[in-house]
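> Could you look at this predicted model? Sequence included:
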Amino acid sequence: MLDFLFEYYPYSPGRLGTWHPGLGVRLTGDWEPSSNAHAYTHDGTTWGVDPLTVDRARLALALSILKGTNGRAPQHSCFGMHEW
């Protein structure tokens with residue numbers, strides 16, 4: 001799986017280290033955000049993204065992409081392998 005991820009997508013191990021599951025999801029365990037992850041909050045047990053501190057321009061771009069793709073027929077010409 002890792003070979004597929006690094007060959008098919010332009011992700012580096014460092015970039016994967018900054019990944020998070022998104023708004024509304026809390027992370028548990030021995031973890032702390034990197035120094036440039038300003039939107040994270042800690043409630044004593046879990047870490048999560050505070051939606052009030054997220055960059056509005058980024059959020060607007062993500063929303064426009066989701067609105068544009070919502071309702072479109074999926075394209076599976078690659079047999080859906082990149083849609084996992």
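Great, that's in hand. Remember, it's a predicted structure, so these values are computed and weren't measured experimentally.

> would you list every one of the helices in this structure?
2-8, 13-16, 56-69 (DSSP state H).

> mind listing what's buried in the longest one?
Within helix 56-69, no residue is scored as buried using 16 or more other CB atoms under 10 Å. Glycine gets a C-beta too; all of them are placed from N, C-alpha and C.

> tell me the average confidence for it?
On average, the pLDDT along helix 56-69 is 88.

> rewinding a little: so which of the helices of the chain is nearest residue 30?
Residue 30 lies closest, by CB to CB, to one member of the helices of the chain: helix 13-16, at 17.8 Å.

> next one: stretch 59-72 to chain centre, how far?
15 Å (CA atoms, centre = their mean, to the nearest Å).

> Kindly report the same for stretch 35-55.
Centre-to-centre, stretch 35-55 and its host chain are 14 Å apart (CA atoms, centre = their mean).

> Need the distance between the two termini of it.
End-to-end distance of stretch 35-55 (CA to CA, to the nearest Å): 16 Å.

> what's the spacing between the nearest residue to residue 31 once chain neighbours are set aside and residue 32?
Once flanking residues are discounted, residue 31 sits nearest to residue 47: 6.3 Å by CB to CB, 6 or more residues apart in numbering. Distance, residue 47 to residue 32, using CB to CB, to the nearest Å: 7 Å.
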